[in-house]
Every structure is written in structure tokens, then in C-alpha cells.
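*Asks:* what follows is a protein structure lacking sequence information:
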């Protein structure tokens, strides 16, 4: 009997590693393809990885990754199809998470259906709107833009409902409350809406969107902590053609894991973190205590939490030139990384408490199993190995869920030029902080017309 116990724990340990760890292997070598603008090669690599690294529970990430790559490739219909599938799957997986809250409390998030990050759910509508504009489907583009603020308005209620379901779980001792949503008004969505209304001659509606952009800077300084673009001239009539630019730089955030520790006292758990200093000394930081009725003193567990980490971009300035006219600098309107971090904060308390609750429940269960094994195993060496295997199996199932799409941009720049209608050559230059030219996007022979939306897109995802 004793000899059979050890292989079982080893199998559990191995399965735990495989099933509860986020795979990132599918992204190996893709940064190089993106830098070379080899989007067809990147698409082929992701599609090839589908069966191996994107399981059914990861379909949201798969659809988002491919949908964005097809957008950059210029296949707007295919991009829209995939982003729509992602949007539908996000909604389905959230609904499923409500109905299976009790089960999910005991499972590592990696084994659950990924329901997307809220910034992904927002910006997929931005890019669907841009896709529809490229296909001259204004009405469909409007539909996508209107979805965005609706989603933001429902964000806090969405997680309040999920938290209520977690609290109903058997053996739960914690309270699940989302943080306040402090992002209700997206400037980039407002900007696109303003351009659409202007193109349709609906000046009053366009002015409402312009005021909405100004309100975003006034009311959400924690997100729009940079100078607002000069947009008033966008709604001033002109006998020239208006050319608008939306340009993207960098890559959206990733998730990384941080390891935390739990120490129990009577009816309370204490959460701590450790940090190794440059002098090779380890310091302990206490994050606070949580009342936990029924827990005994003297247990120690560890767990992981995901956090959003922004990726640095080498782009500091975006400039456009039409024919031989002087260069014109675009202005930043959206920092996607900041939006990702801020929207994540709404559900972060739920992830924190849920992970702690799961760690405590599983940890106490494992401790009970170890006590039972000690009574059955007379050999002290085998007893030690069995206890070690139990701890390893529990630790292996507590890896942070690091799933997140990889191909949204990090920043959006906008601007407008007034030029004579006709065929023009447009150059978009991307510069580093020290003024070095990083990339030139040459757009030759584009027909600019009066009284229509002349929207130029460009991107340098580095």
C-alpha cells in the first residue's frame, strides 16, 4: 500500500504541472515576425499552434491573437469574424463562470475557460469598428463603438454578481467585493464616433463626442495623465479635405506571477511577500490579516497571483508628412497599457480572495491527508517522501493564470491635416526617444476626397 502511494503523488504532481500552467511556447519567435511585419508568418505559426497550445478553454486568446494579426495583415473581414468569435466566447465563459462559481473556487484558474481581460473585451470592439470602416460599413462601425461604454458601465456590476456567487460556496469564509470601476469613458472610442458623426453631417452629435473626450481628461486623470490632443479644429468647417490619422505603437501588456505566502494564527490568516535585496538579504513584507473562522495556528502555504505588466515601447514620437509639406506630429490619445491595469483592478480583489480561499481549503485538506498517511506509513523515509509529494502536488496546482492576448497595441496616436482633394503620397515616421528614425510607413497614391472620412491607419508594434 505504501509503495503505491508514492507513484500516485508523482502522477498528480506531473499532471498538475501540465494542466495548471499557462503555455507561452506558441509565442516563441513571434516578436521577430511582428518586427519584420511578417503577419502572414505570424498567423501561420499561431494557426499551427492551435491544437497543441490552445485548448478549448483557451479559445478566447486564440481568437483574439488571430483576429488582431489578420487586422494588421489587412484581411478585415477575417479579423472581424475572429474578433466576433472572441467576443461571443468572452460572454459565454463569463456566464459559465457564474453558474460554476462553486466548482471554480477549488480549481486553479488555468484549468477554467478563459473569459478575457476587460480591456480585451473593450478594444476588440475598437478594432472591429476600424475593420468595418475599412469595409465602408459605417452603421456596423457605430454598433461596435456604442458597445464600449455600455461594457464599461456594467463592469462593476459584472464582478459584484460573480463575487456574490463565490460567497455562496460551501466552506467559504471570505467576502468577495470588487473594487470601484473608475473608467467609464473611453477617449479613443469617442474620437472614432466623433469622426463618424462628422462624416455623416451630424455636427451636434460630433460635438457631444468631443465634449465626452474632454470629460475623459477632466474626470479620469488616473488614466489620461498626459496632455489632451488639440481636437477643436476637427469640427471646424473647411473648403479642404480633412485627413485623419490613427496610429498604433508598441505591444499590449502581459501577465506575470508574484508568489505570496500565508501564515495562520487562530481564526486569522496573515498574507506576506518576500523580496531579495541587492545585498542578497531576503525581506518579508506583510500585506495584512484576514479573519478566517475555524483556522488553527501554525500552517504555512504559498500561492501565486497574476498581475498586469506593461511592455515598454521604443517609439516616442509619430510624425506624418503629406507630399512635400512640413511634417506634422500626431498626439497620444490612448494608453492601452494603463487602461488594462486600471480595468484589471476592478476584479483583482476577487482574484486575490478567491486564490487565498482556494489555497487555505486545499492546504488544510492536504494537511489532513498527510496526518492520515503518517498513521499508515511506518517507514520515516517513505513518510517524508509522501508528505513532500503531497506538498509538491498542491504547489503545482497553484500557478498563476497568465493567459492574455499578445497583439493589441500599447498606444494610439491621432491627428488631422487639411489638404486639397486629390491623389497624395503620405509618409508616417516612427521615432525613438533620442530622435532616431525607427520605421517609415509609406502610403503612395491615396485618393483623398472632400466630404468623406479619410482615415489613415498605421502601426509599428515595437
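*Replies:* Nice, thanks for sending it over. Nothing here was measured: the structure is a model prediction, and the numbers come from that model.
*Asks:* what is the neighbour count of the nearest residue to residue 194 once chain neighbours are set aside?
*Replies:* Spatial nearest neighbour of residue 194, chain neighbours left out: residue 209 (3.8 Å); criterion: C-beta to C-beta, 6 or more residues apart in numbering. For every residue, glycine as well, the C-beta is placed using N, CA and C. Other residues within reach of residue 209, judged by other C-beta atoms under 10 Å, total 25.
*Asks:* just the element for residue 209, please.
*Replies:* Here residue 209 sits within helix 203-219, counting by DSSP states H and E.
*Asks:* list the contacts for the residue nearest to the spatial centre of the chain?
*Replies:* For the chain, the residue nearest the mean C-alpha position is residue 117 (4.5 Å; C-alpha atoms, centre = their mean). Residue 117 makes contacts with 308, 340, 343-344, 404-405, as judged by C-beta atoms under 8 Å, 6 or more residues apart in numbering.
*Asks:* tell me the predicted confidence for the closest residue to residue 131 other than its chain neighbours.
*Replies:* In this structure, residue 131 finds its nearest non-sequential neighbour in residue 76, 4.0 Å apart by C-beta to C-beta, 6+ apart. Per-residue confidence (pLDDT) for residue 76: 98.
*Asks:* from residue 149, how far off is residue 141?
*Replies:* To residue 149, residue 141 is 15 Å away according to C-beta to C-beta, to the nearest Å.
*Asks:* who has more neighbours out of the two?
*Replies:* Shown here are residue 141 and residue 149; by other C-beta under 10 Å, residue 141 has more neighbours (24 against 17).
*Asks:* check which helix or strand the more buried one maps to.
*Replies:* Here residue 141 is assigned to helix 138-153, by DSSP H and E.
*Asks:* quick check, nearest of the contacts of residue 117 to residue 356?
*Replies:* Using C-beta to C-beta, residue 344 comes nearest to residue 356 of the contacts of residue 117, at 17.7 Å.
*Asks:* before we move on, the earlier item: neighbouring strands - and their directions - for whichever helix or strand comes after the helix holding residue 209?
*Replies:* Sequence-wise, the next helix or strand downstream of helix 203-219 (DSSP H and E) is strand 241-249. Here strand 241-249 is paired, per DSSP bridges, with strand 411-419 (antiparallel), strand 454-460 (parallel).
*Asks:* in strand 241-249, what's buried?
*Replies:* 241-249 (16 or more other C-beta atoms under 10 Å).
*Asks:* ok, now stretch 156-170?
*Replies:* Buried positions in stretch 156-170, judged by neighbour count with 16+ other C-beta under 10 Å: 156, 158-159, 162-163, 165-166, 169.
*Asks:* again with stretch 423-430
*Replies:* So stretch 423-430, judged by 16+ other C-beta under 10 Å, has buried residues 424, 426-430.
*Asks:* rewinding a little: out of the buried residues of strand 241-249, which one sits closest to residue 226?
*Replies:* Residue 226 lies nearest to residue 249 out of the buried residues of strand 241-249, by C-beta to C-beta, at 13.8 Å.
*Asks:* who are the neighbours in contact with the closest one?
*Replies:* So residue 249 contacts 313, 315, 318, 409-411, 413, 430, 459-462 (C-beta under 8 Å, 6+ apart).
*Asks:* over to the closest residue in space to residue 418 that isn't next to it in sequence: give its phi and psi.
*Replies:* Counting by C-beta to C-beta, 6+ apart, residue 418 lies nearest to residue 240, which is 4.2 Å off, once chain neighbours are set aside. Residue 240 adopts backbone torsions of phi -100, psi 170, taken as degrees, to the nearest 10.
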